[in-house]
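Undergrad: any chance you can model this:
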Amino acid sequence: MTTGDLADPRSAVFLDRDGTIIVEKDFLGDPDGVELLPRAAEAIRLLNQRGYLVLVVTNQSGVARGYYDEQAVQAVNNRLRELLGREGAALDGIYFCPHYLGGTLPHYRIDCECRKPRIGLARRAMEEFAVDLRHSVMIGDRAADIEFGRNLGIKSILVTTGYGFAEKERIEDEHLPPPNLIAEDLLAAVVWLLADRSRNNVSPAV
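TA: The predicted structure follows:
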(Lines give C-alpha, C1' and ligand atoms only; values in the text may rest on other atoms or scores of the structure.)
Protein backbone atom coordinates (compact mmCIF):
# COMPACT_ATOMS: atom_id res chain seq x y z
CA MET A 1 0.00 0.00 0.00
CA THR A 2 1.18 3.50 -0.76
CA THR A 3 0.09 6.91 0.48
CA GLY A 4 -1.05 7.68 -3.05
CA ASP A 5 -3.46 4.74 -2.99
CA LEU A 6 -5.29 6.20 0.00
CA ALA A 7 -5.08 9.83 -1.12
CA ASP A 8 -6.81 9.36 -4.47
CA PRO A 9 -10.15 7.52 -4.25
CA ARG A 10 -11.15 5.73 -7.44
CA SER A 11 -14.22 3.87 -8.55
CA ALA A 12 -13.73 0.12 -8.49
CA VAL A 13 -15.09 -2.75 -10.52
CA PHE A 14 -15.26 -5.82 -8.31
CA LEU A 15 -15.11 -8.99 -10.40
CA ASP A 16 -15.86 -12.60 -9.67
CA ARG A 17 -13.17 -14.91 -11.10
CA ASP A 18 -14.49 -18.31 -12.22
CA GLY A 19 -17.24 -18.08 -14.82
CA THR A 20 -16.75 -14.33 -15.17
CA ILE A 21 -13.11 -13.85 -16.22
CA ILE A 22 -12.05 -17.47 -16.75
CA VAL A 23 -13.87 -20.58 -17.90
CA GLU A 24 -15.74 -22.27 -15.03
CA LYS A 25 -14.09 -25.62 -14.34
CA ASP A 26 -15.43 -26.40 -10.83
CA PHE A 27 -12.76 -26.21 -8.12
CA LEU A 28 -9.83 -25.20 -10.29
CA GLY A 29 -6.55 -25.78 -8.48
CA ASP A 30 -4.24 -26.31 -11.47
CA PRO A 31 -2.80 -23.19 -13.13
CA ASP A 32 -2.52 -25.10 -16.39
CA GLY A 33 -6.32 -25.21 -16.45
CA VAL A 34 -6.77 -21.44 -16.48
CA GLU A 35 -8.54 -20.35 -19.65
CA LEU A 36 -9.66 -16.79 -20.25
CA LEU A 37 -13.24 -16.37 -21.38
CA PRO A 38 -13.59 -14.74 -24.79
CA ARG A 39 -13.44 -10.93 -24.62
CA ALA A 40 -12.60 -10.93 -20.88
CA ALA A 41 -9.12 -9.48 -21.37
CA GLU A 42 -10.53 -6.78 -23.64
CA ALA A 43 -13.06 -5.85 -20.96
CA ILE A 44 -10.42 -5.54 -18.26
CA ARG A 45 -8.11 -3.61 -20.56
CA LEU A 46 -10.91 -1.08 -21.14
CA LEU A 47 -11.34 -0.64 -17.40
CA ASN A 48 -7.58 -0.16 -17.01
CA GLN A 49 -7.58 2.48 -19.74
CA ARG A 50 -10.47 4.36 -18.11
CA GLY A 51 -8.78 4.46 -14.71
CA TYR A 52 -10.94 2.04 -12.74
CA LEU A 53 -9.58 -0.16 -10.00
CA VAL A 54 -10.11 -3.79 -11.06
CA LEU A 55 -10.45 -5.99 -7.98
CA VAL A 56 -11.19 -9.72 -8.07
CA VAL A 57 -13.19 -11.17 -5.17
CA THR A 58 -13.61 -14.93 -5.31
CA ASN A 59 -14.88 -17.75 -3.09
CA GLN A 60 -12.49 -20.71 -3.16
CA SER A 61 -14.15 -23.34 -0.98
CA GLY A 62 -12.02 -26.02 -2.64
CA VAL A 63 -9.43 -25.17 0.02
CA ALA A 64 -11.85 -25.95 2.88
CA ARG A 65 -12.98 -29.08 1.05
CA GLY A 66 -9.38 -30.32 0.85
CA TYR A 67 -9.25 -30.31 -2.96
CA TYR A 68 -6.24 -27.97 -3.07
CA ASP A 69 -4.39 -25.56 -0.78
CA GLU A 70 -4.03 -21.79 -0.67
CA GLN A 71 -0.76 -22.00 -2.59
CA ALA A 72 -2.65 -23.62 -5.47
CA VAL A 73 -5.15 -20.75 -5.45
CA GLN A 74 -2.26 -18.29 -5.61
CA ALA A 75 -0.74 -20.25 -8.50
CA VAL A 76 -4.01 -20.07 -10.43
CA ASN A 77 -4.26 -16.34 -9.70
CA ASN A 78 -0.69 -15.80 -10.88
CA ARG A 79 -1.47 -17.64 -14.09
CA LEU A 80 -4.54 -15.47 -14.57
CA ARG A 81 -2.43 -12.33 -14.20
CA GLU A 82 0.08 -13.73 -16.68
CA LEU A 83 -2.55 -14.48 -19.35
CA LEU A 84 -4.18 -11.08 -18.91
CA GLY A 85 -0.80 -9.39 -19.11
CA ARG A 86 -0.18 -10.93 -22.50
CA GLU A 87 -3.35 -9.15 -23.64
CA GLY A 88 -2.36 -5.81 -22.11
CA ALA A 89 -4.79 -6.13 -19.21
CA ALA A 90 -4.08 -6.02 -15.46
CA LEU A 91 -5.77 -6.65 -12.13
CA ASP A 92 -5.11 -4.28 -9.25
CA GLY A 93 -5.87 -6.90 -6.62
CA ILE A 94 -7.13 -10.46 -6.13
CA TYR A 95 -8.81 -11.44 -2.86
CA PHE A 96 -10.11 -14.92 -2.07
CA CYS A 97 -12.01 -16.68 0.67
CA PRO A 98 -10.84 -20.25 1.44
CA HIS A 99 -13.55 -20.94 4.04
CA TYR A 100 -16.69 -23.06 3.89
CA LEU A 101 -18.88 -24.37 6.72
CA GLY A 102 -19.41 -27.63 4.83
CA GLY A 103 -15.69 -28.20 4.35
CA THR A 104 -13.61 -31.09 5.63
CA LEU A 105 -10.62 -29.18 7.03
CA PRO A 106 -11.36 -27.81 10.54
CA HIS A 107 -9.11 -24.79 10.13
CA TYR A 108 -11.22 -23.55 7.22
CA ARG A 109 -14.63 -24.80 8.39
CA ILE A 110 -15.75 -21.50 9.87
CA ASP A 111 -18.54 -18.97 9.47
CA CYS A 112 -16.31 -16.22 8.11
CA GLU A 113 -16.94 -12.65 7.04
CA CYS A 114 -15.06 -13.00 3.75
CA ARG A 115 -17.22 -15.56 1.93
CA LYS A 116 -19.48 -13.84 -0.57
CA PRO A 117 -22.16 -12.56 -0.29
CA ARG A 118 -20.60 -11.12 2.88
CA ILE A 119 -18.27 -8.21 2.17
CA GLY A 120 -15.08 -9.08 4.05
CA LEU A 121 -13.13 -9.36 0.79
CA ALA A 122 -14.20 -5.84 -0.17
CA ARG A 123 -13.14 -4.56 3.23
CA ARG A 124 -9.75 -6.17 2.70
CA ALA A 125 -9.45 -4.47 -0.68
CA MET A 126 -10.40 -1.13 0.83
CA GLU A 127 -7.59 -1.46 3.36
CA GLU A 128 -5.22 -1.48 0.40
CA PHE A 129 -6.93 0.96 -1.96
CA ALA A 130 -9.04 4.08 -1.54
CA VAL A 131 -12.30 3.00 -3.19
CA ASP A 132 -15.08 5.39 -4.14
CA LEU A 133 -18.06 3.11 -3.51
CA ARG A 134 -20.54 5.66 -4.83
CA HIS A 135 -19.65 4.77 -8.41
CA SER A 136 -18.31 1.23 -8.02
CA VAL A 137 -19.96 -1.94 -9.31
CA MET A 138 -19.87 -5.73 -8.85
CA ILE A 139 -19.88 -8.10 -11.83
CA GLY A 140 -20.30 -11.85 -11.48
CA ASP A 141 -22.13 -14.98 -12.60
CA ARG A 142 -23.76 -15.95 -9.29
CA ALA A 143 -26.66 -14.72 -7.19
CA ALA A 144 -24.14 -14.42 -4.35
CA ASP A 145 -22.26 -11.82 -6.42
CA ILE A 146 -25.44 -9.80 -6.83
CA GLU A 147 -26.12 -10.00 -3.10
CA PHE A 148 -22.50 -9.03 -2.42
CA GLY A 149 -23.03 -5.86 -4.44
CA ARG A 150 -26.24 -5.10 -2.60
CA ASN A 151 -24.59 -5.69 0.79
CA LEU A 152 -21.80 -3.34 -0.24
CA GLY A 153 -24.29 -0.72 -1.40
CA ILE A 154 -23.20 -0.73 -5.05
CA LYS A 155 -24.75 -1.67 -8.38
CA SER A 156 -24.39 -5.23 -9.64
CA ILE A 157 -24.32 -6.89 -13.05
CA LEU A 158 -24.99 -10.58 -13.70
CA VAL A 159 -23.14 -12.10 -16.66
CA THR A 160 -24.63 -15.17 -18.33
CA THR A 161 -21.27 -16.88 -18.75
CA GLY A 162 -20.29 -19.59 -16.25
CA TYR A 163 -23.28 -20.33 -14.03
CA GLY A 164 -24.90 -17.04 -14.99
CA PHE A 165 -27.68 -18.31 -17.23
CA ALA A 166 -28.86 -20.85 -14.64
CA GLU A 167 -28.52 -18.26 -11.87
CA LYS A 168 -30.60 -15.81 -13.89
CA GLU A 169 -33.43 -18.35 -13.99
CA ARG A 170 -33.02 -19.10 -10.26
CA ILE A 171 -33.18 -15.40 -9.38
CA GLU A 172 -36.39 -15.12 -11.37
CA ASP A 173 -37.95 -18.36 -10.07
CA GLU A 174 -37.12 -17.66 -6.43
CA HIS A 175 -37.96 -13.95 -6.72
CA LEU A 176 -34.55 -12.96 -5.44
CA PRO A 177 -33.50 -9.29 -5.67
CA PRO A 178 -32.42 -8.81 -9.30
CA PRO A 179 -29.17 -7.29 -10.58
CA ASN A 180 -29.13 -3.83 -12.11
CA LEU A 181 -28.27 -5.44 -15.46
CA ILE A 182 -27.99 -8.86 -17.05
CA ALA A 183 -25.20 -8.95 -19.65
CA GLU A 184 -24.02 -11.51 -22.17
CA ASP A 185 -20.45 -11.49 -20.84
CA LEU A 186 -17.88 -9.33 -19.09
CA LEU A 187 -17.22 -7.11 -22.10
CA ALA A 188 -20.92 -6.40 -22.56
CA ALA A 189 -21.14 -5.51 -18.87
CA VAL A 190 -18.16 -3.16 -19.07
CA VAL A 191 -19.41 -1.47 -22.25
CA TRP A 192 -22.74 -0.79 -20.51
CA LEU A 193 -20.97 0.49 -17.40
CA LEU A 194 -18.74 2.89 -19.34
CA ALA A 195 -21.67 4.17 -21.40
CA ASP A 196 -23.73 4.69 -18.24
CA ARG A 197 -20.89 6.59 -16.56
CA SER A 198 -20.37 8.69 -19.68
CA ARG A 199 -24.06 9.61 -19.83
CA ASN A 200 -23.91 10.69 -16.21
CA ASN A 201 -20.50 12.40 -16.60
CA VAL A 202 -18.93 10.24 -13.87
CA SER A 203 -15.15 9.88 -13.74
CA PRO A 204 -13.54 6.89 -11.99
CA ALA A 205 -11.31 9.31 -10.05
CA VAL A 206 -12.95 11.61 -7.52
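Undergrad: off-centre distance for stretch 34-48?
TA: Put simply, stretch 34-48 sits 12 Å off its chain's centre (C-alpha atoms, centre = their mean, to the nearest Å).
Undergrad: show me where pLDDT drops low in this structure?
TA: 1-7, 205-206 (pLDDT under 70).
Undergrad: which residue sits farthest out from the middle of it?
TA: Pro106 (26.5 Å; C-alpha atoms, centre = their mean).
Undergrad: distance check, it against Arg45.
TA: Distance, Pro106 to Arg45, by C-beta to C-beta, to the nearest Å: 42 Å. Heads up, the C-betas are built off the backbone N, CA and C, glycines and all.
Undergrad: excluding covalently adjacent residues, which one is nearest to Thr161?
TA: Leaving out its chain neighbours, the residue that sits closest to Thr161 by C-beta to C-beta, 6 or more residues apart in numbering is Asp185, at 5.1 Å.
Undergrad: same deal with Tyr68?
TA: Of all residues not flanking Tyr68 in the chain, Gly29 sits nearest, at 3.0 Å (C-beta to C-beta, 6+ apart).
Undergrad: now do the helices in this protein.
TA: 3-7, 40-49, 70-86, 120-128, 143-152, 164-173, 186-199 (DSSP state H).
Undergrad: and those helices: which comes nearest Val57?
TA: helix 120-128 (4.1 Å; C-beta to C-beta).
Undergrad: for Glu87, see how far away the residue nearest to Thr161 is.
TA: 15 Å.
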